[in-house]
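Asks: Provided below are the primary sequence and the corresponding predicted coordinates.
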Amino acid sequence: MIIFRRILAVMMAIVFIPVFIAGVGACLISAMASDETFVPGILLELDAYDFIYDDVIDAAIDDVVTRGIRFDSPDGKGSTVNVIFNDPAQAKAALRKFVETVLPREYVKQEMEQAFAELQPYFTGRTDTFSINLETDERFLVVPAALRAASAELSLGQLISDHLISVLIRDRMGELVFPELGISFTTDEAVGIANRIMPPEWIEQRIFETADVVAPYIAGRIDGFEIRIPLKDRVKVVAEELKGKVVRQGIAERLVYDQVARPLILQALGGAKVLSFDIPITPDEVDDALKQVLPPDWIRARSAEVIDAAVAYVSSETDTLAYSVDLRDRKTAAVKVLHKLAERKLTEILRFVPTCSTPQATAQSLSDLAANQIPRCSPANLNLPALVSPLLPLVLGDLDRLVANAIPDRVIYTDQQFRSTLGPEAIKPLDDLRDVLQKGIVFTDRDLLNSIKDPQSRADIQVTLDTIRAGAKWDQNDLRKQFTDEEWDLVDRVRGYGGYISLLKWGGVLLPSLFLLLIGLLGGRSWGGRLLWAGIPLLVVAGIMFAATQVADSLLRDVVRDELTGRQLVTDTKMREDFPALTRLFESDEFRDKALKAVSIVTGQFKSAVKPWLVAGILTVAGGVAAAILLPARRKERPSSSGP
């Protein structure tokens, strides 16, 4: 009878091999499915977070810095701007600080652990709901601090000034010309002026101020935002630039005289005037006379005053433009110039008067001179200056009256003249500019939404804002939307099987244990024998499985090593071109070692599951041996009976 029992025990021991493998696998699956820390624990063993932040992100940042950052130009012409970093080391440090401030590795680790803590009970059917909160609202609140941290390494203002503003000016504007004022700026001059109007530190401060109000709005801490950028102080910089340009370009006279005084003088003259003795004085001659008596220092001083007055008006510091130029001293000096001109003209007229040939003609000529008339002939005893002298006061008197009426003591340049100078097409832009400079640039949340013309795009942005403000929470309802009805039925069935996870665990322990109990009861006649019959199969199978796991680990590592060594893992051509450093990392020995370590961790989990059984086998066999020695079996002496 014992022989049949032991034959049955041997057969059950053979069957025990797959039962044991299935049991260990069931326990391992149960542990993976029910333990929320299982996957996060593996990630920690792999140093996955440090690898992502210290290697993957570093490689991606290196690629971004090397390639530069490309984005659509804000000029609306569909072109792109490429920002190149002059100091790669600073740029890398800045980007790393930004990433680690907005998404610190502890935050990512915590969110990953919380996600598994929510998802595993749901997918194993232990709960019917889950909720994952990514806390995106909190992440946006740290963006201002992240920008400041990044800017401490690499000035954001300098970056924008060098690679955005200057590029846009060079590529889009070219030479800047104001033909009405006779002022022009080369591209280099325009870039320099823009940098002085908007210096890097000024730009940087505006960035920080914008981030300080926009981040709380995106995070939902405030209902709206208003960005206000003052510009009045920037206009003063423009005034200084214009003054310098006027002097360098030599157009101060045109700005002061041609644009302010000359139009009024020419309007007053109306045209050429005739003095006594039909001596003509043209507007151009009066114009030239005034220009001759405008010294450079006087012109430069007046041009600066004109610019200050115009800038004060444009920037709405004053409601009207009424700049006054005092011409009294210049008018007196111009009169002297015109006196000489009139004297020359009178002299030329008298030069062609014939010499008197008779005493009677001489008498008549002297009579003409006494009557303030051009003599019909020149008396022989009078030279040319003597002829001019009695007639000149009459001419100069006419000239003085002409100048007094035509050239005012003071010229007032008004906003009407300024607008006329700029032209009718510039009137509305001028009014808009004055309004902007007075109020500054104001941009609100309403402006942001109104700038998006497409209703669907506006609705999508609103949905995105709502999602961010809610923390980007994700629950079972959001998951359901990702599947079709058929696919969701499959998910539900899988979740339904989750209720058997605990049974799987207990089954994985109880079924092999039951087999061992039956093998021991069938094969042994004493307690020592029963322990040996149960312990030896367990020890052998567990030992073989433990050794096989070690061999499998070695074989799998060899397979993975062969697959990852010298292979092009990144097949996307654009990815290889845009991210060469990241590509090299994924194809490096370091990444291969991470993959090999992952294999060892997985096989190590199986070894860890086998190890308790192996220890139990050793203890059971040891207990059986001890029992056989210390507690010999009481059995009848039978020739046919043998063994433990």
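Replies: Sure, I can see it.
Asks: Which strands or helices does the helix ranked longest in the chain pack on?
Replies: Residue-count comparison of every helix in the chain, with assignments taken from DSSP state H, identifies helix 589-630 as the longest. On a contact count with 3 or more CB pairs under 8 Å, 6 or more residues apart in numbering; DSSP states H and E, helix 589-630 meets helix 2-34, helix 38-45, helix 527-564. C-beta: built from backbone N, CA, C; applies to glycine.
Asks: Specify the angle between it and helix 2-34 in degrees.
Replies: Taking axes from the mean of the first three to the mean of the last three CA atoms, to 10 degrees, one finds that helix 589-630 is oriented at 140 degrees with respect to helix 2-34.
Asks: Mind putting the helices and strands packed on helix 589-630 into a markdown table with mean pLDDT, distance to Val142 and mean neighbour count?
Replies: As requested, those are arranged in a markdown table below (pLDDT from 0 to 100; distance: least, CB to CB, whole Å; neighbours: other CB atoms under 10 Å):
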| stretch | mean pLDDT | distance to Val142 | mean neighbour count |
| --- | --- | --- | --- |
| helix 2-34 | 82 | 35 | 17 |
| helix 38-45 | 83 | 24 | 16 |
| helix 527-564 | 86 | 37 | 18 |
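Asks: re earlier: and the longest helix of the chain, how far out from the chain's middle?
Replies: Going by CA atoms, centre = their mean, to the nearest Å, the spacing between the C-alpha centre of helix 589-630 and its chain's C-alpha centre is 54 Å.
Asks: now swap in stretch 451-468 and tell me
Replies: Averaging C-alpha positions (CA atoms, centre = their mean) puts stretch 451-468 20 Å from its chain's average.
Asks: Just the buried positions in it, please.
Replies: Along stretch 451-468, the positions that meet the burial threshold by neighbour count (16 or more other CB atoms under 10 Å) are Leu465, Thr467, Ile468.
Asks: and what of stretch 338-348?
Replies: Taking 16+ other CB under 10 Å as the criterion, stretch 338-348 shows Leu338, His339, Leu341, Ala342, Glu343, Lys345, Leu346 as buried.
Asks: which ones are touching the second one?
Replies: Contacts for His339 were tallied using CB atoms under 8 Å, 6 or more residues apart in numbering; they are Leu396, Leu399.
Asks: go again using 6 Å as the cut-off
Replies: By CB atoms under 6 Å, 6 or more residues apart in numbering, the contact list for His339 reads Leu396.
Asks: what's the answer for the fourth one, then?
Replies: Under the criterion of CB under 6 Å, 6+ apart, the neighbours of Ala342 are Val395, Leu399.
Asks: how much space between it and Phe277?
Replies: Using CB to CB, to the nearest Å, Ala342 is found at 10 Å from Phe277.
Asks: before we move on, what about the fifth one?
Replies: Summarising the geometry, the distance separating Glu343 from Phe277, computed by CB to CB, is 12 Å.
Asks: returning to what we had before: check the buried residues of stretch 338-348 and tell me the two furthest apart.
Replies: Leu338 and Leu346 (12.3 Å; CB to CB).
Asks: Just give the nearest non-adjacent residue to Thr620, would you?
Replies: If the residues on either side of it in the chain are set aside, Thr620 comes closest to Gly535, at 3.0 Å by CB to CB, 6 or more residues apart in numbering.
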